[in-house]
Structure formats: C-alpha cells, structure tokens
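Below are the sequence and a predicted model for it; my questions follow.
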Amino acid sequence: MKKIKASLPDSRQVYGTAHWKDLPKDWMTTDTYKKKFYDEGELERDPYGMQRLDRVAGSARGMLIMKHLESDHLVRKEYEVLKKEVSDPENLCQTELVRNLLDEGPLWELKMEEGEEVIRRADKWNVHKTLVIFFYITGFRAKSEKEQEEWFYCLLDAMKNDPTNRAALHFLNKNYAEELDERQKERNRRRLQEFKGLKVDEQSVGSTIVKNIRPQKNETPYNPDADETNLVLRVYQEELVQPALEGKNCVIVGPTGCGKTEVAIYAALNHLRERQAAGQTGRVAMLVPKIPLVTQQKERFLQYCRGSFTVNGFFGSEKSDSGEGRKDDVIESHIVVMTPQILINMLQSVRANERLYVADFSMMIFDEVHKATGNHPYVIINQIVQEWEYDKPQIIGLTASLNVSSTAQKDLSQMLFSIHTMLALLNAPYLSTIKLQASIDELNKHVSKPDDSVEVCQPTATALRNYIETYLGTAHIKLCHELESLSKLRHNCFPSNSYRRFKKLSPKFYEIYESNLQNINQDLKKLNTAEKTIAVTWMKYIRLYVEARGMVDLMPARLVFEFMEARIRELDKGHKLGDQFSDFFKKYSGLEANAKSDEPMIVTKLKDTLITQFKVTPDSRVIIFVTQRATAQRISDFLNKSHIMDQFRDPDDDGYDEMVGFVLGTNNQGGAVQQSQQEQQKVLSRFNNGKMKVIVATSVVEEGLDVTSCNLIIKYNCSSGSAIQLVQRRGRARAKNSRSVLLAVNTKVNEDENNALISEKFMRMCVKKIEEAGPKQLEIDVAAAAKKIAIERKNELTAQLELRERFANSLYKLNCVGCSTTFCMSSDIKKVYSNYMAFDPAAWQFFTVESKKKKPNSYLSEDTQPLSILKCAKCVTTVIGKAYKMRGVYLPQIDVKSVFFVEENSSESKTAKKWSSVEQELFYVGEATQDNFENMLNALSNSECNMDKKRLLDLDSKQHIRDIELKKYRIRNEEQEKAKAERMKKAEQEGVEFEEGEEPEPEREGATAFSEDES
C-alpha cells in the first residue's frame, strides 16, 4: 500500500471539515445550506451520526453533477471560493482521499497501521462527497436575499439528470420536479423583465438581388510553410476530370475506391486558380448527404490547398465565426462543404445576415449525386439554380452508380430515361466515365471488384422458436378479444375498422404483423379510458415476443433466451395482474436447457466463414452488413463472447480489446441502441489500423467509408435493395482477391439480391450504350428529358392554379373552438413543408406563448425549430398549436382540430380532422413565399405584449441551440468517462497504479474513417 505523510485529525475534526462546519466566510448562503442539509431533530439526537447530508452524499454521484455544470462560466467566482477551502492545509481535503474522490476512482481512506499512515479501500457510506457535489453549483455567489436559495435549486436541477442522483433527491426534496418547474417559470419571467424595452428589428432581404459573385474581403495569403500535399492524378482520374476542366456541367461515374473525391478536388482547385489568374472571384460549394462527411471532406480539401485557399464547413448548429450569421463566413471562404439543406435554407432565407444567392458560387459539387431524385434537397437546389436568371455555377456530380432498377423499369429504354432524367435535373448533359484502355488497365491495378456469392441458410425448428410461435398465436386471440370489447364502448371507443383489419392478420408472418402492431399501439394511445389497460399490457408482451421471433432465426438461442428473460422480468414488474400474460417462467427450465445447444445455421455459417477467411488471410478486415441497429450490436456482442476471433489476435495485442465492433448512424432520434460520432470514429480508427478485425454495420457505411484493406463483405440476411446499394456495399471491399457473401435465411432476401445483381448488369449496359451513342446524342436525350420535366412541372402548377381558381371566392374565418375568437383568415394560411402556418402579423396578438420542456431525445435541428406552445389568449385553455422558427422567422403553426371555420358572410361553421380535407373541401392553401416570410420577420416587434412573446421565443430558441450543443457535450463526456473506466479496469487487471491523464487520440493510421474514395 502506498504511504503518505500527514497528520490524521481526530474524528470530530474530520466530521467538521467534511460537513463544512467551517463554511467559507464570504458565503452569504450559510444559513440556507444548514437549513437544507441538516435536520435539527437529528442533530440533537446524534450530532455525529448519519445526517441528511450524509444520505445525499452517500447516494449521489458527484462527478455526474460536475460534468453537467462544469462548462458553466457563471460559477467562476464561486469556484475560486471553494478552491481556496480545498487548498487549506488544515482541511482534510489536502489528503489523498479527496484526490481519489475527485478522480471518481476507487474510494480510499487513511488508516493507522503499526504507527504508520496507509491508504485502504473505503466504504462508500463512510466517505463524504460534499465538496465534490458543490464544486460546480451555479448560483453559489448570492448577491441578495432573493438569490440565497438559487444555488440549491441549481443543485436539484443538476441531480435530476441521472437516475442515481434522482434517487438521492428523495432525501432533499420529494417535490423537486414541481418546485423546479415553478422556479423555471419565475426565472423566465424575471429574465423577460430584464429585456423590457429592448426592441430590435431584424433586417430583411427585401427586393435586394445579388447578381454577381461577392468577393472574399480578405484574400488568403500564400503560406509556404503550410503542410500541403501535391495532388497528382492517375491516368484514369485524368480522363474522368477532363469534362470538368473544360467547364462543362457533368456527372463523374467511377467505381467506389477509384478516387472520385480527388478528381473533384482537382477540378475545384483548377477552377479557383483559373478565376484567380483572370482576376475573377471564385467560390466552390461541395454538398454532401451526411453530416460526418462535412468534416471529412473539409479536411480532404485542406490536405491539398492548406495555405492557398480558405476552406469552411457547415452542417447545423455550429456558430458563425463572425457572430452575425453564417453568410459572412461563406462569403469569406473559397471552398465550403455543407449538407444540402443548409444551403437551401440560406438560399431561401429572408434575413439579410443569412441570405446567400446562386451568384455567390461559381461551382457546385454534389457528392453521391445518384440521390438526386424526387424531392431530395439536391433536386431542390438544382431547381433553384436553373430558375436563376443570372450567372449560374458549374455543376459537377460524383457517383459510383446510377438509378437503374430491373423491377421498376421493364426495358432498357426506361432505364436510360431514368439516367437522362437525373442528368436533366442537374442540368448536366455530360457523363464522364472511364473508356480508354490505358485508363482501364491502371484502374484494374488499383481497384478490384470482389466476387459475389450467395448462401441460403434455411432456418430450423427449435424449442424456443416453437414456443414463441405458439405464444404469439394464443396472445393474438387474447388481444383481439380485448380490442373487440374496446370497439364496443359507447364513448371514446377503439376504431372498429382497425380491429377488423388486425384480427385477420397472422403472427406467422411476423414482419407484416409487427408493422400493424405499431398502428394498433398508436390507436390505443389515443384512447382515453382505463379499460384499455389489459389490451395495452398484451400489446407490450406481444411486441416483445415478435422482436424475439425476428431474432431467433439469426441469433444463438442462448442470446434470444437471455433477451426474453430480462425483458419479461421488466414487464412483469410493471403491473400487478399476475402471470396471465406470459408463461415463460413456467417453461423456463426446458427452454433454458435447449437454448444452450441450439444455434441457427446462419450463425454457424457466419462463424465458419470468418474462421476460414482469417486462416487463409490473417490480416483480413471484414464488414458484416445488417438491417437494424440492434442487430449490429447483438452480432458484435455474441461474436466477441464466442471468442472465435481470439486466435487471430496480433502477437503484441494485450487481449483486453474487443476484436469485433459495430458502427451505426449518429443522427438518431432515440432508441435503445445509439452511437455518438466520437464512438463511431473510434471504432473505425481501430478497424483501419488493424486492431479491430471485424465490424458489424448498418447502411451508414455504404457511402463514404473508406477501408482499402477490407477484403470480405458479409451481408447477414441483408440483401441489396438496389443496384446502387449493391455497388456501394461491395465497394467497401477493395483489397485484392476480396469477396462479397450474402447469408440469407429466406428466399425473399435471395430474390432481392438477384434483382440487384440484374439491375447492376443493366446499369452497365446503359452506360455502355450512352458511351457508344456519343456526347451529342446524350445532350439530345437529356434535353428531351428536361422538356418532359418542364411539362410535368407546368402541369403541377396548372393543377394548383385550377384548385386556387376553384376556391377563388371561398374566404373563411379561423375561430377558436373554445371561445370563438377569430385568429386569422383562410387567405393567411400557407404551407411550409407539411406545416400549416398563419402568415398574418396581427395573429400573434391572439396567442399566448408558453414554454414547454422538450423530450431529451427529440430531434434537434437549428434550422427548423419547434418551440413554445401557443394557447388562445382569451380562453387561455385551448392549445392552438406551436410556435416554430423557420428560415430565422417566428411563425404560429395552427392545429386544424383547435379551430372551426366560418365562411365570410355566413354563420355556418365547419370543422376538419386534417388539413388535407380543408384543402379539398373548403379553401386553397398555397406554399409560403419569400414575401410571406418577410412580412412575418418583425411581426413581434409592433407592441410591448408581442415583444414579450418574442423575448420568450428568443430564450426558447437559444435553449434549443443550447440543447444541441449540450447533447454533443454530454456524449463527449460519457465517452471520456467510459474510456477512463476501461483504462482503470485494465490497470487493475495488470496490477499497476492507475494514473490520471487525458485519453489518447485515436490512431489515424490507414484511411480516413469516412472517406468516400482513396486517391
């Protein structure tokens, strides 16, 4: 044991210090502290016994509270006061004990053994964590009597963010939720009072049109010391880039791994240098479909032009460098990488500090351009570009595959027309492909195409599978009986049509059955009656068994059994209705015995495939594709627990790290299985440098992931839905002699894969035919497709005009269902995407704004923000809709069920359940225009009452952005805590002393984690 030199104070001194008997002299809230943390009765009975403070300190996790508030700049002075107390040499805080507490590592305490002081592991309940808990509490520095309790409620707010700390709150304040809610309302009211009298009108775009590209104010000076890589193209890349160098709008088609990104970068840099030499301003926008690609492609540009051009990236909640708006940051850049929706928002913004124009760009590059179909943002951007009446940017598209489907398109002419349509939407009549033999020969040296194979693994009947299917058959009948009873209620009954449709279904076809269960679940949620309890409970159990049925053919039976056991125990705790909903534990012993040995054929085949691969090629890398996030985690777990990969560890591997990992999308909206971008990057980094041999992934890695040494792709009952997906997945394997294997448990998956292979074959035939016909014929065909698109758009506009003409004389008042107050006229209602907004500045006076706490896992976006609840200002109780912030403008959204419609010059009223019914039966609703948005920009600045609403909405909007940043911050901290725990565990296993320090950065050897190509 490690020894330290210090005098051990007596128990009363320890107690007094740990309980802050000598509180900071300049702390005004001493009385509040004692009142909240000590009970006078307990103190009288046993002054040195267990106090309220001890109970909180013993059950709370202080570090989590610190992590929650440590970024708060408001606590600097309070922190200094406490730091002074900690550094007092007379305090116990100077000992190793407190340092260990602050590290949140194993807890230790001083002991006297044979006249020497030694450290021993301490019992948690005997260690007071008070100092740790209070270190970062906002509001410690009270300025007045009113603020003396503020720090206490900030502590409650911090503690409620963690289940363990919420339990500790029980000792302090059982009604903490209600009190915190009331104090938040009071805090908002006071903040509004501080803002009183501040009136700031935002500047709108107005009639301003920027017709010429705006120059960068500060040209990037040449930096000879910058770490810049010289970009040299291969022969086939030189062929691909040629149309772009000639200034043509084109789509570059090349196999995954051939280096299309480098081709685009070469074209962009050449474009900028030519314009620079000609004394013209140049600016390139690269659009990427996924957020992780923004940072990656920005780094790729910087690799080749660092010190020559300014490069920037945008994807959502990042702040402007200038502090005014992202527009200035874009204008100051030569190259910007962004997601397409960000560009759309800025091209359509009515705020002067956010507005961009098509003229601001001289080139646009669209990565993964095959996505340009339907209403994809790529299509919208190009429609804006084509409708622009002034100088247009050069368009370049990048793709490894084209939109061709052997099932949707019956002959080659339809497939060709699909390609022509995509090119027409982009106004890019040139297709750049690899045709020269010298290029093909060099391509084959650097890019290999893996062999494809399919193996059907027929599922076999097991005891667990038979049990699940039998249960589902019985439970379906029970649930239908409950739904039938609910459908016969006199009031608030279950929809009978939903019940009848559901009754006809069979759980045997569990995939279809599962989707219908979701509909039934939604209908039950809408039902406001206690009589639905039995049906809801049956629903929970059935959904669990359906999920298990989907697992049982793909996972080891033992894993499915353990999953069911844990989930059923959890469900059983949620009610007091006995075991009528599941007989799992009655059959537990038999199911458990069989589960130990049962293993589906596909699991055995997966293991055999991996073992064979690594025996033949020990340095292999394997990607296993799956359809669901949970499946990725489960396969990763059971492969690691099976230890089949341990025999292939590197000789210098310490044996602690897992050999199999999983990769998921990071832009999720909740769910049990989540992965942050940092976790994702860490797995990919370990995979690239060979420390992790296998990753299990969802479709997130189909586009953008660059793993040059991957030589086996396994599609685990996961067929390629299209030729595009087939090419993208296969393209992840780029090593020589690589292969792609489909392991399928049913014929449908096999059929889908065959259709994708046929579609790929037709796609290559189409490209060949286009090459043979020549560029002139392609221009003619693309022009014909463009003409057809124009006709279709004209027909859509005509249909809208006819609908508008049909309701030309229809004018309705929108009245509150609670008090009949008129909010606005039907002519004020406009659509923004699928939301129906009131574009009447005067409408705000009829609403009150009420902040509503959002769910922590709700979708967070900076550009479309659902904010406060809107209620009728007269009757107060009726919820009218929500306030939204779109394109930087506050808008009132109207819930169609909260209003009734009264036709002008008539007393007859009408109601509707959906806005689509209103559009078909009552009046025309058009899309909102720029003029509509400009009209609403300063609508809340026309009265003191409305200014109060705007201030509250401003606070809500800032909180919305803060939630985005806080979500990132929490994820980062959780990762750091997880990494630290792993390092501590490893140190303990190796018998060495754990040393605190920063986590090392993931190794960056090998390819970039999310690179789409490699040069």
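Thanks, I have it.

separation between Leu953 and Leu940?
According to C-beta to C-beta, to the nearest Å, Leu953 stands 7 Å off from Leu940. Yep, even glycine has a C-beta here, placed from its N, CA and C like the rest.

err, Ala475, not the other one
Distance from Ala475 to Leu940, by C-beta to C-beta: 53 Å.

What count of nearby residues applies to the closest residue to Met936 other than its chain neighbours?
Once flanking residues are discounted, Met936 sits nearest to Val889: 5.2 Å by C-beta to C-beta, 6 or more residues apart in numbering. A count of nearby residues for Val889, using other C-beta atoms under 10 Å, gives 25.

what residues are up against Val889?
Counting by C-beta atoms under 8 Å, 6 or more residues apart in numbering, Val889 makes contact with Val350, Arg351, Phe933, Met936, Leu937.

Tell me which of those residues fall in helices.
Phe933, Met936, Leu937 (DSSP state H).

Tell me the first helix or strand C-terminal of the helix or strand that contains Tyr884.
Following DSSP states H and E, one finds Tyr884 within strand 879-886. Sequence order places strand 889-894 as the next helix or strand after strand 879-886, per DSSP H and E.

Averaged pLDDT, that next one. What do you get?
Averaging pLDDT along strand 889-894 yields 92.

and what of stretch 332-344?
91.

related to what we said a few turns ago, tell me what the residue nearest to Met936 is bridged to.
Assessed by DSSP bridges, Val889 has beta-bridge partners Met886.

hmm, back to that, mind checking which of Ala475 and Leu940 has more residues around it?
Taking other C-beta under 10 Å, Ala475 and Leu940 do not tie; Leu940 has more neighbours (24 against 19).

any chance you could map the helices in the stretch 451-600 of the chain?
463-487, 496-503, 510-526, 533-552, 557-573, 588-595 (DSSP state H, counting those that start in this stretch).

how near is the residue nearest to Met936 to Leu664?
Taken as C-beta to C-beta, the span from Val889 to Leu664 is 35 Å.

swap in Glu779?
Counting by C-beta to C-beta, the gap from Glu779 to Leu664 is 43 Å.

These two: which has the busier surroundings?
Leu664 (25 against 13).

Look at Ile265 and give its secondary structure.
helix (DSSP: H, G, I helix; E, B strand; the rest coil).

Look at it and report its pLDDT.
Ile265 is given a pLDDT of 94.

what's the spacing between it and Pro459?
Applying C-beta to C-beta to Ile265 and Pro459 gives a distance of 48 Å.

Including pLDDT and distance to Ile714, could the ones in helices among the contacts of Val889 go into JSON lines?
JSON lines is the format used below for the ones in helices among the contacts of Val889 (pLDDT from 0 to 100; distance: C-beta to C-beta, whole Å):
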{"residue": "Phe933", "pLDDT": "90", "distance to Ile714": "50"}
{"residue": "Met936", "pLDDT": "89", "distance to Ile714": "53"}
{"residue": "Leu937", "pLDDT": "87", "distance to Ile714": "54"}
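
Quickly name whichever of the residues you listed is closest to Glu274.
Phe933 (37.4 Å; C-beta to C-beta).

Surely Lys392 and Asn382 touch.
No. Applying C-beta atoms under 8 Å as the test, Lys392 and Asn382 come out as separate, 10.1 Å apart.

Provide a list of residues in contact with Leu505.
Contacts of Leu505 (C-beta under 8 Å, 6+ apart): His476, Ile512, Tyr513, Asn516.

Need the pLDDT of the third one.
The predicted local confidence for Tyr513 comes out at a pLDDT of 84.

tally of neighbours for it?
Neighbours around Tyr513, by other C-beta under 10 Å: 18.

Stretch 579-587: which residues count as buried?
Phe581, Ser582, Phe584 (16 or more other C-beta atoms under 10 Å).
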